[in-house]
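Enquirer: can't give you the sequence, but here's the structure:
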């Protein structure tokens, strides 16, 4: 954006053939670091340069009669703030009168139209397209799915999702292309760690269920070993799912505190007599399955119905015999 200026703010809407595109302009001067001698890219040097540049922008905006101007800091590629970075107190150092940190969404909501020219910066060497390996993108996708699942389980809100999304973005970022092995290892470990965490919510129950009639019930137990409460429900399906004559009712959702467990009574109605394979799942409020399914077999028979029929016939016969004897006595 060759016609862009500091007073335009870092969030602008660039016209394209598909409509206005909100973009963020990162001023490289904000991350240029401090002067020599010493480590120009130390956390303290970068902080001081950031404060100095934003103070100048604020003064410029005030002189131009502008109430506020946005600026976006993007850390230098492969920036290593060093082992002593906590001493710089980087984020607390941003608590100054001329800075007001905002989120990216809020920044883009206030994007101003950009009417200048667009094009490739001639001073930047074009980078050859490099494809990320499938193993890395698959690991990043697993990390994203599992983080989303954990957020639904514990109602983690946006903060939990944002934290893991940052890890996903780091794994597939352009900066990561130069160190694919490390990025893939870190992303895979994060995804595996989340998988172990999700195993803290489990489902147990009988391996074999016997129903003496077409209707019956059996218990399933949901346990929560996470450090926060979870809200879940249980879903039961036949295998294969084509057995449409079988119905399961598992009741309403459960909220289970950390370290606790709760029991679900599954009300069952079966249309066909015989052995049916089924699977039970723990599901989130949005219906996503959690963990490994619980597989079990269910046997139904007409024994119960036959017994009730025999008992009914015997009772009717007994009533008839008693009535007949009473009738004979009354006649005698």
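Expert: Now that the structure is in, tell me what you want to look at. Since we're looking at a predicted model, the values are computed, not measured.
Enquirer: contacts and neighbour counts: CA atoms only from here.
Expert: Noted.
Enquirer: what segments of the stretch 201-332 of the chain are strands?
Expert: 201-204, 208-211, 215-224, 230-238, 247-249, 254-256, 261-269, 274-283, 289-300 (DSSP state E, counting those that start in this stretch).
Enquirer: what is the longest one packed up against?
Expert: This means strand 289-300. The helices and strands touching strand 289-300, judged by 3 or more CA pairs under 8 Å, 6 or more residues apart in numbering; DSSP states H and E, are strand 201-204, strand 208-211, strand 274-283.
Enquirer: mind listing what's buried along the longest one?
Expert: Pointing back at strand 274-283 there. Residues of strand 274-283 classed as buried by neighbour count (16 or more other CA atoms under 10 Å): 276-283.
Enquirer: between those residues, which is nearest residue 323?
Expert: Distance to residue 323, by CA to CA, is smallest for residue 276 among these, at 45.7 Å.
Enquirer: residue 240 is in contact with that closest one, correct?
Expert: No. Using CA atoms under 8 Å, residue 276 is not in contact with residue 240, being 9.2 Å away.
Enquirer: isn't there a helix covering residue 117?
Expert: No. Going by DSSP: H, G, I helix; E, B strand; the rest coil, the assignment for residue 117 is coil, not a helix.
Enquirer: how about it, phi and psi?
Expert: phi -80, psi 160 (degrees, to the nearest 10).
Enquirer: for the residue lying closest to residue 194 once chain neighbours are set aside, give me its contacts.
Expert: Computed as CA to CA, 6 or more residues apart in numbering, the closest residue to residue 194 that is not its neighbour in sequence is residue 146, at 6.4 Å. Taking CA atoms under 8 Å, 6 or more residues apart in numbering, we find residue 146 in contact with 191, 194-195, 198.
Enquirer: which of these tops the neighbour count?
Expert: Counting neighbours by other CA atoms under 10 Å, residue 191 comes out on top of the contacts of residue 146 with 23 neighbours.
Enquirer: shouldn't that residue be within a helix?
Expert: Yes. Counting by three-state DSSP, residue 191 is located in a helix.
Enquirer: so it touches residue 143, yeah?
Expert: Yes. Between residue 191 and residue 143 there is a contact under CA under 8 Å: 4.4 Å.
Enquirer: follow-up on the earlier one: how about the helices and strands packed on strand 289-300, which one is nearest residue 260?
Expert: Nearest to residue 260, of all those, is strand 201-204, at 10.2 Å by CA to CA.
Enquirer: separation between residue 251 and residue 220?
Expert: Note on residue 251: its distance to residue 220, by CA to CA, to the nearest Å, is 12 Å.
Enquirer: and what of residue 323?
Expert: Distance, residue 323 to residue 220, using CA to CA: 49 Å.
Enquirer: have a look at these two and say which one is more surrounded.
Expert: Remark: of residue 323 and residue 220, residue 220 carries more neighbours, 17 against 12, as counted by other CA under 10 Å.
Enquirer: wait, isn't the more buried one in contact with residue 267?
Expert: No. Residue 220 lies out of contact with residue 267 (CA under 8 Å); the separation is 11.0 Å.
Enquirer: if you count neighbours, what's buried in stretch 110-123?
Expert: 111-112, 114.
Enquirer: also stretch 217-234?
Expert: 220, 222-226, 229-234.
Enquirer: can you list contacts of it?
Expert: Contacts for stretch 217-234 (CA under 8 Å, 6+ apart): 153-155, 197, 200-206, 209, 211, 250, 252-268, 280-285.
Enquirer: so where do the helices sit in the stretch 1-150 of the chain?
Expert: 43-63, 85-88, 104-109, 134-154 (DSSP state H, counting those that start in this stretch).
Enquirer: A strand includes residue 184, no?
Expert: No. Per three-state DSSP, residue 184 lies outside any strand segment and is helix.
Enquirer: what about it, neighbour count?
Expert: 21.
Enquirer: that older thread, closest to residue 161 out of the strands of the stretch 201-332 of the chain?
Expert: With CA to CA as the measure, strand 230-238 is the member of the strands of the stretch 201-332 of the chain nearest residue 161 (16.2 Å).
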